[in-house]
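Asker: Model the following, please.
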Amino acid sequence: MGGIDCQQAPCLNSAMARTDPQVNIRLPAKLKEILEAEALQAGRSFKAEIVARLEESITLGEVGRDVTAIVGKLSEANKMLETEVEALRLALNMAYDERRKLDADLAQIDELRAIQRSIAESEQAALSHLVEKFGDGFEFMARFYAASVSDRKGRDQLGDLLRATGKHPRSDQ
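Answerer: All right, here's what the predicted structure looks like:
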């Protein structure tokens, strides 16, 4: 991370020597009492307690800055993830809408196929009725009409068939 490494810095976590600089500070009386009590409880001198606390505050300060930096990076990553999740949510909603449209189109296609089957069945029933009433000649003419309407090739093939069977109106040619 950054800053001072309290484990490796020669100024920290080491015994004080007489050559170390001396610093005189004024402390509020209550703070001095608390530090003396804490030093007694920890089994060290008042000065050693002050040094230990200063070193600890530097270490915790470094950790705090590192944690703050990590939290900042996590916050940025979280915002990016939220943006991506929102984009995916929008894409999913669009896909859902498209699916609903496709389902509606498929339902219409199914309805049209049902209508087409119904029409084909009705045509077949009508043709069967007319064949019963008027005989095979009517069926042949009805098929000729259907083929002539659908395409030229079918009409030509049917014409050839009519000529071959002698039922073409111009079979005498």
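
Asker: Tell me, please, the helix or strand in this protein that averages the lowest pLDDT.
Answerer: Ranking every helix and strand in the chain by mean pLDDT, DSSP states H and E puts helix 136-150 at the bottom, with a mean of 62.

Asker: What distance do you get for L74 to D66?
Answerer: Distance, L74 to D66, by CB to CB, to the nearest Å: 12 Å. Where you see a C-beta, it was placed from the backbone N, CA and C, and this is true even at glycine.

Asker: Looking only at neighbour counts, state which of those two leads.
Answerer: D66 (13 against 10; other CB atoms under 10 Å).

Asker: Could you say which helix or strand holds that one?
Answerer: Using DSSP states H and E, D66 sits in helix 46-134.

Asker: Mind giving me the packing neighbours of that helix?
Answerer: helix 29-42, helix 136-150 (3 or more CB pairs under 8 Å, 6 or more residues apart in numbering; DSSP states H and E).

Asker: what's around E49, how many residues?
Answerer: With other CB under 10 Å as criterion, E49 counts 20.

Asker: Quick check, it in contact with Q41.
Answerer: No - taking contacts as CB atoms under 8 Å, E49 lies outside contact range of Q41: 9.3 Å.
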